[in-house]
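Chemist: predicted model and sequence follow; I will ask about them next.
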Amino acid sequence: MSESVQSGVRPGNGVRSGDDVHEHHGGFPVFTPVQAGPNYGEFVESLRRLQDLAVSTHLPDDVVDDAIARVNALSDMLEPHRVSEGKSPAGFNRQLPGRGSLLLLPWLFEKVEVDGIRSRGVFRLFHRGGNSAAHGGTIGLLFDDMLGMIVYASGHPIARTAYLHVNYRQVTPLETELVLEGRVDRVEGRKLFCTAELRDLDGTVLADCEALMIELLPGQP
Ligand SMILES: CCCCCCCCCCCC(=O)SCCNC(=O)CCNC(=O)[C@H](O)C(C)(C)COP(=O)(O)OP(=O)(O)OC[C@H]1O[C@@H](n2cnc3c(N)ncnc32)[C@H](O)[C@@H]1OP(=O)(O)O
């Protein structure tokens, strides 16, 4: 997504290439992608490990107290480096799992093309819902984020999700490599009708979705 914001509309279905970036990306500011430094991916992975442990340990009280002190010390170290939206490498680095954003599932893109995207990754312990299955909300998060990339790849201006209908077909396992594919199926004016599927490596559909993405109007947030 970051490249679209930087360079404007790319070739694709419903192209309006050459048009003004501000006008056709709604009220989104023009972000210049912030490149991650050489160890940024390791930093994010370290935090993901911490998240996994935070939800899968039962700590003695003295360990909790020690952890609070250490985590606060780490936060105090980071605090002076706080920046505004668009100025952090988080979310801008497609070569990193989850584009380097701790919010996103740690997935990597295999294909980002006009006719659709494919991404691969795992749900981790942090994403556990119940009985070793992925939390349904994290599946929605994965789909929603991929929809943004589907719109970007298709060459359309930035769009927001009007609705996202998720069908949970099978229990989605943790720590198991899975694949997601999605595309724009149909365009009606500003309305982009998209579909995507989450599959295991045997090809079994674990979840699928249908979504309506609406291209933003000039100045629309
Ligand atoms: C660094 C990189 C950054 C890059 C960052 C890139 C960001 C990507 C975003 C990723 C996706 C997200 O998570 S977005 C976050 C979650 N979504 C949101 O917060 C969206 C909140 N909702 C809105 O802002 C608004 O409702 C919009 C923009 C979706 C639509 O509002 P609008 O622009 O006023 O459009 P409106 O006239 O209402 O509707 C246009 C047409 O769509 C239809 N329509 C509208 N909503 C629906 C609906 N739920 N179900 C059916 N149809 C609908 C209308 O009937 C109409 O059809 P007709 O009469 O024309 O036929």
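Modeler: Received the coordinates, thanks.

Chemist: quick one: least confident helix or strand in the chain?
Modeler: Lowest on mean pLDDT, DSSP states H and E among the helices and strands of the chain sits helix 2-7, with a mean of 34.

Chemist: just say helix, strand or coil for the residue nearest to the spatial centre of the chain.
Modeler: For the chain, the residue nearest the mean C-alpha position is residue 145 (3.9 Å; C-alpha atoms, centre = their mean). The local conformation at residue 145, judged by DSSP: H, G, I helix; E, B strand; the rest coil, is helix.

Chemist: pLDDT wise, what is the residue nearest to it when sequence neighbours are not counted at?
Modeler: Spatially, and ignoring its direct neighbours in sequence, residue 145 is nearest to residue 104 (5.5 Å; C-beta to C-beta, 6 or more residues apart in numbering). Placement of C-beta: from N, CA and C, glycine included. Looking at residue 104, its pLDDT is 98.

Chemist: where do the strands of the chain begin and end?
Modeler: 108-113, 116-121, 159-168, 178-188, 191-200, 205-215 (DSSP state E).

Chemist: which strands or helices does the fourth one pack on?
Modeler: Yep, that's strand 178-188 we're talking about. strand 116-121, helix 136-154, strand 191-200, strand 205-215 (3 or more C-beta pairs under 8 Å, 6 or more residues apart in numbering; DSSP states H and E).

Chemist: who wins for proximity to residue 74 among these?
Modeler: helix 136-154 (24.6 Å; C-beta to C-beta).

Chemist: and the protein, which residues reach the ligand?
Modeler: 1-2, 5, 31, 144, 147-148, 158, 160-163, 189-191, 212, 214, 217, 220 (C-beta under 6 Å from any ligand atom).

Chemist: again, 8 Å this time
Modeler: 1-2, 4-5, 26, 28, 31, 33, 86, 91-92, 144-145, 147-148, 151-152, 158-163, 188-191, 212-214, 216-217, 220-221 (C-beta under 8 Å from any ligand atom).
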